[in-house]
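**Student:** Sequence first, predicted coordinates after that:
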Amino acid sequence: MEIKVLKNIMHANQQIAEDNKKMFVDKKITVINIMASPGAGKTSVILKVIEALKNKIHMGVIEGDIASSIDAEKIESIGVPVIQINTGGGCHLDANMIKTVMPDLKMQDNSIVFVENVGNLVCPSTFDLGETIKMVIASVPEGHDKPFKYTSMFAAADVIILNKTDLAPYIDFDKDMFYKGVHALRDNANVFEISCRTGNGIDKLVDWIISKHNNAD
Ligand SMILES: Nc1nc2c(ncn2[C@@H]2O[C@H](COP(=O)(O)OP(=O)(O)OP(=O)(O)O)[C@@H](O)[C@H]2O)c(=O)[nH]1
Ligand SMILES: [Mg+2]
């Protein structure tokens, strides 16, 4: 019985995700669903990419958190439209939440929307939002074993970011092991090594995002 209920929920989510996707394609809006552990650097990556693309393309942000508007306030302070969703305990965003808030974000055609999902490496990978790109951020202090442990998250990723590379000299992080875990799930995974602290690698990530946006049809 429980399984049936879960299937119905997943089916309903998928239907709305497909509607969302169609709307994003029609309006040429690239939606990036950003998933990671708490503190891996989701908000920091969004801020860095916005800084690089400001005045070049229209952007908006949907912030997902169990509680608070701390991250939304950071986005608002740099003058980018932002909507905060508080899930009140829910461990992920779903397609209906995105559908509900999109009109309030007032996005122009030909734009980029960053969706910061709730911080954890489990639930968000199961719920499609209709996004264009699933981005997973790992960070050096979390350890190199995360792709081995959170397989569905890393397998679902269109792009994987390894953040906080500036901390590598101080942390026992085995990069070869990290890549071994990633490649076991996806041979041709896109991985970008960056540091939001130093800015290292951000330019390559931004180029990749823009080329995805420009080549979307
Ligand atoms: N040293 C270092 N610190 C970083 C880097 N990126 C982010 N941080 C720091 O890591 C902490 C968490 O960063 P956030 O961007 O808030 O992480 P988040 O994933 O959005 O966190 P939640 O929204 O709470 O899940 C902050 O103190 C950042 O300044 C980095 O590349 N290097
Ligand atoms: Mg955040």
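**Tutor:** Done, it's in. Everything numeric here is computed off the predicted structure, so don't read it as measured data. Numbering: from 1, shown residues only. Ligands and ions are numbered 1, 2, ... in the order given.

**Student:** Helix, strand or coil: sort out the residue in the chain that ligand 2 sits nearest to for me.
**Tutor:** When scored by Cβ to the ion, the chain has Thr43 as its residue closest to ligand 2, at 3.3 Å. C-beta here means a position set from N, CA and C on the backbone, and glycine is covered the same way. When classified by DSSP: H, G, I helix; E, B strand; the rest coil, Thr43 comes out as helix.

**Student:** same thing with Asp71?
**Tutor:** Look at Asp71: counting by three-state DSSP, its state is helix.

**Student:** Run through the residues that contact it.
**Tutor:** Neighbouring residues of Asp71 by Cβ atoms under 8 Å, 6 or more residues apart in numbering: 42-43, 63, 65, 84, 116.

**Student:** just to revisit the earlier point, you'd agree the residue of the chain closest to ligand 2 is up against Ser77?
**Tutor:** No - counting by Cβ atoms under 8 Å, Thr43 does not reach Ser77; the two are 11.7 Å apart.

**Student:** and these two? which has more neighbours close in?
**Tutor:** Between Thr43 and Ser77, counting by other Cβ atoms under 10 Å, Thr43 is the more crowded of the two (22 against 10).

**Student:** per-residue confidence at that one?
**Tutor:** The model reports Thr43 with a pLDDT of 98.

**Student:** List phi and psi for the most centrally placed residue in the chain.
**Tutor:** For the chain, the residue nearest the mean C-alpha position is Ile34 (0.8 Å; Cα atoms, centre = their mean). Note on Ile34: backbone dihedrals following degrees, to the nearest 10 are phi -100, psi 120.

**Student:** residue contacts, it?
**Tutor:** Contact partners of Ile34, counting by Cβ under 8 Å, 6+ apart, are 42, 45-46, 114-117, 135, 137.
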